[in-house]
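# show me how the following folds:
(one chain, ligands or ions: 1)
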Amino acid sequence: MLSLEEIQTLAALVAGPVTAPGAPGYAEDTAAFNLAAVYRPDVALGAMNAADVVAGIQWAAAHNIPIAVQATGHGANSSIEGGLLINTSRMQDLQIDSVERTARIGAGVKWRSLLAASVPLGLVGLHGSSTDVGVVGYTLGGGLPLLGRAYGFAADHVRSFEIVTPDGVLRHVDAEHEPELFRLLRGGKGNFGIVTSLTCNLLPVDEFYGGGIFFPGTDAANVLSTFNRWWPTLPTKAATSIALLRLPDLDFVPPPLRAQFVVHLRFAYPGPQEEAETLLAPMRMVSSPIMDMVGPMSYLDVDMVHFDPQEPLPYEEAGALLHSFDGDAEAAFLAAAGPDSDCPLILIELRPLGGALSLGGVGTDAVSGRDAAFSLLAIGLTAPPIATATTAAIRSLLQAMAPYSTGRTLVNFHGTPGDATDRARAWSPQAYEELATAKSRWDPANLLRFGHTIRAEAAQGPERADRPAPAPPAELS
Ligand SMILES: Cc1cc2nc3c(=O)[nH]c(=O)nc-3n(C[C@H](O)[C@H](O)[C@H](O)COP(=O)(O)OP(=O)(O)OC[C@H]3O[C@@H](n4cnc5c(N)ncnc54)[C@H](O)[C@@H]3O)c2cc1C
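Here you go, the predicted structure:
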């Protein structure tokens, strides 16, 4: 049982707040973006700096307490019960070198903060669909960026990590120092320690043209088949994806789209408006849009491209990597989720992969999806009355797409991690073997066992036999 004294020992070691259930600040430090995930660690540490992370990990290792980490809560796909949660959201160090075109990014920094500092310098990082996501957690999962076909995965642009490994040592990891760890951290997610900062490349972007077009869902077959013929004609510099949206009647949805079933075409082009408009023209003619929000924009408004929700919601998600998406796949997709189905999912998206995303891979890093043609992601709300229907609809969509699936997933889009076999699907068999071997070496007690971890059952260290009693509701530092 975790005693008050044990928790007080931790509080005495660190600069940041240490809270137990019920204490002021505990709810904020354990809040996840996915409201369906319950985060109830025995103790939360709001780390201020790398020294706090070192102290937290050493304390947990000494007491054999499992450790979870969270920066923004955007990756909350499973619950956390017990253990120590290290919240890195206060670790906001950000240093940009505009000559070298690099950024050193603290564990708590969101893409939005990075862009606020880098865009005025004409530089951007390889963020994904929402800049509300944390740079470090996203990049450890490979990081599928908006501009991925042009530049590759975010992990491809990491120069170094600072990480506290489960032995409580702060290490500098790059191609020369701990090269195995450097390889496996890029795509291996949070299996090998808590990253306190990373340094990555930034890319020059001057002009930006982008946004989304919303077509009536009744035109889904036409829009989808035109999209499928059109996107392979684009240069890799042009980013695009398509989604079926069943939008809720909620405030974050613009009035013309509320409670509507629509097809959402996303388009982004880091280049001149004229070029972008020529590229986009065939899709603009395919149907009459409900809203066309594509145009020249400040890169700081890049979230308008995917239009992801900015407020927490209760949801379930699952992804798959597809090797192809031909006419038969289109038909199967529409039968499962199109206008004539009773599919309740709020988002089903297809992102074309390939281009620079296919470079690298086995033996170089632990990023999956190099060999896939599409990323498929399905998300449904888990609030009544559609919670049960969501789970069933995700399952039947994935079944319908199974003939086109590589059988693998992107770890960032895997959804709820299941048993070891299910979790292994986020990597190639070879990468998974390498990750499992390295996990046994770097984390022999399996302290990092929450969420999407490697072979947790096999590497499981001795559990504390006793479940901790709730500590008194007081902040302890
Ligand atoms: C709205 C939305 C849009 C998204 N769009 C994309 C996208 O376009 N492309 C894409 O690839 N992914 C995308 N994702 C998925 C996202 O990249 C992952 O969920 C990622 O894990 C989020 O990281 P976080 O730090 O923000 O979340 P958190 O919930 O804080 O962390 C999630 C996990 O990341 C790991 N982690 C976080 N910080 C650390 C650390 N310091 N050290 C070690 N491990 C750590 C841990 O495993 C942790 O459990 C999106 C998610 C959402 C909710």
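
# which stretches of the stretch 251-400 of the chain form helices?
273-284, 303-306, 327-337, 387-401 (DSSP state H, counting those that start in this stretch).

# pick the most deeply packed of those.
Most buried of these by mean neighbour count (mean count of other CB atoms under 10 Å) is helix 303-306; its value is a mean of 20. Backbone N, C-alpha and C define where each C-beta goes, glycine included.

# which strands or helices does that helix pack on?
Applying 3 or more CB pairs under 8 Å, 6 or more residues apart in numbering; DSSP states H and E, one finds that helix 303-306 makes contact with strand 209-216, strand 261-269.

# could you dump these to CSV with distance to Gly16 and mean pLDDT?
Formatted as CSV, those follow (distance: least, CB to CB, whole Å; pLDDT from 0 to 100):
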stretch, distance to Gly16, mean pLDDT
strand 209-216, 38, 98
strand 261-269, 37, 98
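
# nearest to Ala402, of those?
strand 261-269 (23.0 Å; CB to CB).

# give me the angle between the closest one and helix 327-337.
In terms of direction (axes from the mean of the first three to the mean of the last three CA atoms, to 10 degrees), strand 261-269 departs from helix 327-337 by 130 degrees.

# just to revisit the earlier point, please identify the most buried of the helices and strands packed on helix 303-306.
Ranked by mean neighbour count under mean count of other CB under 10 Å, those are led by strand 261-269, which reaches a mean of 24.

# so who does whichever residue of the stretch 201-350 of the chain sits closest to the ligand touch?
When distances are taken as CB to the nearest ligand atom, the stretch 201-350 of the chain reaches nearest to the ligand at Asp308, 4.1 Å away. Applying CB atoms under 8 Å, 6 or more residues apart in numbering, we find Asp308 in contact with Ser129, Ser130, Asp132.

# Glu433: which element?
helix 429-442 (DSSP states H and E).

# what number of residues lie near the nearest residue to Leu35 once chain neighbours are set aside?
Among residues not flanking Leu35 along the chain, Pro314 sits closest, at 4.0 Å (CB to CB, 6 or more residues apart in numbering). Pro314 has 15 neighbours, counted by other CB atoms under 10 Å.

# burial count for the residue nearest to Pro204 when sequence neighbours are not counted?
Leaving aside its sequence neighbours, Pro204 sits nearest to Gly122 (CB to CB, 6+ apart; 5.6 Å). Using other CB under 10 Å, Gly122 has 14 other residues around it.

# and the helix holding Glu433, what does it pack onto?
Using 3+ CB pairs under 8 Å, 6+ apart: helix 429-442 touches helix 179-185, helix 456-459.

# anything in it near the ligand?
No. Interface with the ligand: helix 429-442 contributes nothing (CB under 6 Å from any ligand atom), its closest point being 12.3 Å away.

# which ones are touching Gly295?
Tyr209, Gly211, Gln273.

# count of neighbours near the residue in the stretch 151-300 of the chain that the ligand sits nearest to?
Closest approach between the stretch 151-300 of the chain and the ligand, counting by CB to the nearest ligand atom: Gly190, at 2.8 Å. Using other CB under 10 Å, Gly190 has 23 neighbouring residues.

# count of residues packed around Asp93?
14.

# any idea how far Leu114 is from it?
According to CB to CB, to the nearest Å, Asp93 stands 11 Å off from Leu114.

# between the two, which contacts overlap?
Residues touching both Asp93 and Leu114 (CB under 8 Å, 6+ apart) are Ile105.

# for Thr391, report the pLDDT, please.
Listed pLDDT for Thr391 reads 94.

# that one and Tyr315 touch, don't they?
No. Look at Thr391 against Tyr315 with CB atoms under 8 Å: they stay out of range, at 11.2 Å.

# now do the shared contacts for these two.
Gly380, Thr382.

# which residues touch the residue nearest to Pro204?
Pro204, Val205, Asp206 are the contacts of Gly122 under CB under 8 Å, 6+ apart.

# picking up where we left off before, give the contact list for the residue of the stretch 151-300 of the chain closest to the ligand.
Val69, Gly137, Leu140, Leu448, Gly451, His452, Thr453 are the contacts of Gly190 under CB under 8 Å, 6+ apart.

# what about it, which SS state?
helix (DSSP: H, G, I helix; E, B strand; the rest coil).

# Leu245 versus that one, what's the distance?
For Gly190, the distance to Leu245 - CB to CB - is 30 Å.

# reformat the helices of the stretch 251-400 of the chain as TSV; add distance to Val18.
Listed next are those as TSV, based on distance: least, CB to CB, whole Å:
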stretch	distance to Val18
helix 273-284	50
helix 303-306	34
helix 327-337	46
helix 387-401	35
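
# which one of those lies closest to Ala221?
helix 327-337 (5.8 Å).

# the closest one - contacts with which helices or strands?
Using 3+ CB pairs under 8 Å, 6+ apart, the elements in contact with helix 327-337 are helix 220-230, helix 387-401.

# the same query, at a cut-off of 10 Å, please.
Helix 327-337 sits against helix 220-230, strand 239-246, strand 347-352, strand 374-381, helix 387-401, with contacts defined as 3 or more CB pairs under 10 Å, 6 or more residues apart in numbering; DSSP states H and E.

# in the stretch 151-300 of the chain, where is pLDDT below threshold?
Scanning the stretch 151-300 of the chain for pLDDT under 70 picks out no residues.

# repeat that with 90
Low-confidence segments of the stretch 151-300 of the chain (pLDDT under 90): 248-253.

# need the residues of it near the ligand, please.
Near the ligand, when you scan the stretch 151-300 of the chain using CB under 6 Å from any ligand atom, you find Lys189, Gly190, Ile194, Val195.

# buried stuff in stretch 90-108?
Within stretch 90-108, the residues that count as buried by 16 or more other CB atoms under 10 Å are Arg90, Met91, Leu94, Ile96, Arg101, Thr102, Ala103, Arg104, Ile105, Gly106, Ala107, Gly108.

# what of stretch 36-56?
Using 16+ other CB under 10 Å as the test for burial, stretch 36-56 gives 36-37, 39, 41-56.

# just these: which are in strands?
Among those, DSSP state E puts Tyr39, Val43, Ala44, Leu45, Gly46 in strands.

# and which of those is nearest the ligand?
Nearest member of those to the ligand, counting by CB to the nearest ligand atom, is Tyr39, at 9.3 Å.

# can you pull the contacts of that closest one?
26-27, 29-32, 68, 70, 73, 76, 78-81, 85, 87, 450 (CB atoms under 10 Å, 6 or more residues apart in numbering).

# one more time with 8 Å, if that's ok
Thr30, Ala31, Ala32, Ala68, Gln70, Gly73, Ala76, Ser79, Ile80, Leu85.

# identify the bridge partners of it.
Beta-bridge partners recorded for Tyr39 (DSSP bridges): Ile80.

# just use 33 as the starting number from now, easier for me
Understood, numbering begins at 33; the last thing we discussed is Tyr71.

# how near is it to Pro344?
Taking CB to CB, one finds Tyr71 at 12 Å from Pro344.

# so what sits against both of these two?
Ala63, Ala64, Gly105.

# in a markdown table: those, plus distance to the ligand, pLDDT and secondary structure.
Formatted as a markdown table, those follow (distance: CB to the nearest ligand atom, whole Å; pLDDT from 0 to 100; DSSP: H, G, I helix; E, B strand; the rest coil):
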| residue | distance to the ligand | pLDDT | secondary structure |
| --- | --- | --- | --- |
| Ala63 | 10 | 95 | coil |
| Ala64 | 6 | 93 | coil |
| Gly105 | 5 | 93 | coil |
